[in-house]
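[1] Got a predicted structure plus its sequence, pasted below:
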Amino acid sequence: MSVLTVDVGTTMIKSVVFDDRGREIAVSRLATEVLRPHPGRAEQDMDAVWNAVVCTVRNALSELAGRPGPADPVWLVSFTAQGDGAWLVDERGRPTGPAILWSDGRAGDLVGQWQRDGVLETAFRRNGSLTCAGMPNAIFAWLARHDPDRLARSHASLTAAGWLFLRLTGVTAVDESDASAPFLDHATGAYDPYLIDLFGLTAYERLLPRVLGEHERIAEMTSEAAGQLGLPAGLPVVMAPYDIAATARGVGVVNPGQACSILGTTLCTEIVRTTVDTTGEPSGITIAYRGRERVLRAFPTLNGAEVLGWAARTLHLSGPPELSRLAFESEPGANGLMFLPYLSPAGERAPFLDGHARGGFWGLSLEHTRADLARAVFDGLSLVLRDSLTASRTHVTELRLCGGGANSDAWCALIADATGVPTARSGDTELGAKGAFLTGLVLSGAESSMHSAATTYVRMRSSWEPDPERTARYAELYEDFLHWRDLAREAGWRPGAGRRRVPEVPGRPPAPPHPIPAPPGHPDRGAPHRV
């Protein structure tokens, strides 16, 4: 018997069929389009996403049917998807416009104002998550100001996973992982009214769908969805945690002290904890991971594999693999060259939030070679992983690596040295889908726990131990890294930034918060809502 899984990514949708031993036996992939109608915006056509799911499922089932031997029917469907954003639907479950994605930046100024007003820190001290522009609270606030009609026409704000669950089962809901940031009360598993009010969004609480607990995220497939997909109606459908949490499960990170880093577009480092930590500098997000028993502390950066691509192009190399080969001709520390890898035009969001953050090389001289430049890039990205582990304030015993960057043995070994934590690489390829597979087994009762499922089906194929001497060297480099970053931040990150700063006037009160109007017909219409 087979399990069909779907992974709805931002730019790629994958359908993967696993056999009863947890092996990938059919895979179908289809690229999707991110719409950018204006600078800073990132949207998707919700029907196009569903149609792509239908296409990949049918292709995977066709590949499965073409395998030699007896037919191996699908008995379970489980899926994961990109998180955050606002996938708004009306009372009939139809989109009221394009999905606004997690990577959308239109609310950046609002988030900046919340940060200056202390609202973001107050929220972090409440539930352990730091808001960014692509989260529902920021999107609601922007729409309330610029497109209130869209909110008035909408009945629920789903995530990509919620949209897929609605199309597959007819159930309008969200799982706890997707609900975690920004509104979840981790103690109760319900929305926190204090947080909703803190962001001035009480009038739009009606848009928040029901939060499903750990064992509620399973329902039967409707006959309409079954007909489109080519599957029997009534099949059990499981909504797994959203993609980064599903990936952590897929690589076997399920117990406290375990961690993983996704070496992809984002360098997303995730650590399993038993409690929510709201101390330290506000950063990252806290994701409900297993009811009230586990949370996932996650630091999804804005800078990752794109930095490697930039460095390869700049050094006229064919791509990151050639960059890696060049980098390891140089020594740890790149002969005194330091690199701050904050190259995203949107700055950085983890393990610190600063939309103005920018990168640069420090200590560059005529004596440095192309290999030193390449090595500094890998060193800098590896120290970002150390920075995330440090920010988690958790003792980590093992760091499992996945994503495209994990294909480099040399980088995996470097990360072990730079963090001082043993690293290991998964033997699977589609780890989000694998996490959905494991979750489906547990919620359907085929496995007793995530621990037993991971022990049975997750296979690691390589591992690296930190070298004591190199780890000591990287401990020194990390202190230098933090020092240079502090200097860059104090200087405004780039030339001229300090001169453009508006000086504070002693005694001048802060600017008043911008009001958010209540929707038409709301009892508070006419009274401003706090941002």
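    It's in.
[2] Count the residues that sit near the nearest residue to Asp20 once chain neighbours are set aside.
    Nearest non-adjacent residue to Asp20, counting by Cβ to Cβ, 6 or more residues apart in numbering: Met1, 5.8 Å away. To be clear about C-beta, it is placed using only N, CA and C from the backbone, and glycine gets the same treatment. For Met1, the count of nearby residues is 10 (other Cβ atoms under 10 Å).
[3] Met1 is in contact with Leu64, isn't it?
    No. The criterion here is Cβ atoms under 8 Å, and Met1 misses it with Leu64 at 11.7 Å.
[4] hey, what's in contact with both of the two?
    72, 74 (Cβ atoms under 8 Å, 6 or more residues apart in numbering).
[5] I'd like to know which elements the helix or strand containing Val295 is packed against.
    Assessed by DSSP states H and E, Val295 sits inside strand 294-300. On a contact count with 3 or more Cβ pairs under 8 Å, 6 or more residues apart in numbering; DSSP states H and E, strand 294-300 meets helix 243-250, strand 267-273, strand 285-290, helix 370-392.
[6] okay, the angle between the longest one and strand 267-273?
    The one in question is helix 370-392. Relative orientation of helix 370-392 versus strand 267-273 (axes from the mean of the first three to the mean of the last three Cα atoms, to 10 degrees): 30 degrees.
[7] Look at the nearest residue to Thr269 once chain neighbours are set aside and say how many residues are nearby.
    Excluding its sequence neighbours, the residue lying closest to Thr269 (Cβ to Cβ, 6+ apart) is Ser388, at 3.8 Å. Applying other Cβ under 10 Å, we find 26 residues neighbouring Ser388.
[8] who touches Ser388 in this structure?
    261, 267, 269, 284, 299, 301, 350-351.
[9] got these as JSON lines, with neighbour count and pLDDT columns?
    Shown next, in JSON lines, are the contacts of Ser388 (neighbours: other Cβ atoms under 10 Å; pLDDT from 0 to 100):
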{"residue": "Ser261", "neighbour count": "33", "pLDDT": "96"}
{"residue": "Leu267", "neighbour count": "26", "pLDDT": "92"}
{"residue": "Thr269", "neighbour count": "30", "pLDDT": "96"}
{"residue": "Gly284", "neighbour count": "30", "pLDDT": "92"}
{"residue": "Phe299", "neighbour count": "26", "pLDDT": "95"}
{"residue": "Thr301", "neighbour count": "26", "pLDDT": "91"}
{"residue": "Ala350", "neighbour count": "24", "pLDDT": "89"}
{"residue": "Pro351", "neighbour count": "23", "pLDDT": "92"}
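[10] Let me know the closest of these to Thr455.
    When the contacts of Ser388 are ranked by distance to Thr455 (Cβ to Cβ), Ser261 comes first, at 21.4 Å.
[11] Let me see the contact set for that closest one.
    Taking Cβ under 8 Å, 6+ apart, we find Ser261 in contact with 267-270, 385, 388, 399-403, 415.
[12] And these, which is the shakiest by pLDDT?
    Ranked by pLDDT, the contacts of Ser261 bottom out at Gly403, which has 89.
[13] just for the stretch 301-450 of the chain, where's the confidence low?
    For the stretch 301-450 of the chain, no stretch is flagged by pLDDT under 70.
[14] How much space separates Gly440 from Cys132?
    According to Cβ to Cβ, to the nearest Å, Gly440 stands 30 Å off from Cys132.
[15] I meant Gly230, not that one.
    38 Å.
[16] And for Leu383?
    Taking Cβ to Cβ, one finds Leu383 at 22 Å from Cys132.
[17] go on, His395?
    The spacing between His395 and Cys132, counted by Cβ to Cβ, is 27 Å.
[18] What's the first helix or strand after the helix or strand in which Leu61 is found?
    Leu61 belongs to helix 46-65 when elements are defined using DSSP H and E. Next helix or strand after helix 46-65 toward the C-terminus (DSSP H and E): strand 74-81.
[19] Between helix 243-250 and that next one, find me the angle.
    Going by the same axes, to 10 degrees, strand 74-81 makes 130 degrees with helix 243-250.
[20] elements contacting strand 74-81?
    strand 2-8, helix 160-169, strand 236-239, helix 243-250, helix 431-443.
[21] what about these, which gets the closest to Asn59?
    Asn59 lies closest, by Cβ to Cβ, to one member of the helices and strands packed on strand 74-81: strand 2-8, at 11.6 Å.
[22] elements contacting the helix or strand just after that closest one?
    Going down the chain from strand 2-8, the next helix or strand is strand 12-18, by DSSP H and E. On a contact count with 3+ Cβ pairs under 8 Å, 6+ apart, strand 12-18 meets strand 2-8, strand 24-31, helix 46-65, helix 431-443.
[23] Using a markdown table, lay out those together with mean neighbour count and distance to Ile100.
    What follows is these, written out as a markdown table (neighbours: other Cβ atoms under 10 Å; distance: least, Cβ to Cβ, whole Å):
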| stretch | mean neighbour count | distance to Ile100 |
| --- | --- | --- |
| strand 2-8 | 27 | 15 |
| strand 24-31 | 16 | 20 |
| helix 46-65 | 18 | 11 |
| helix 431-443 | 28 | 22 |
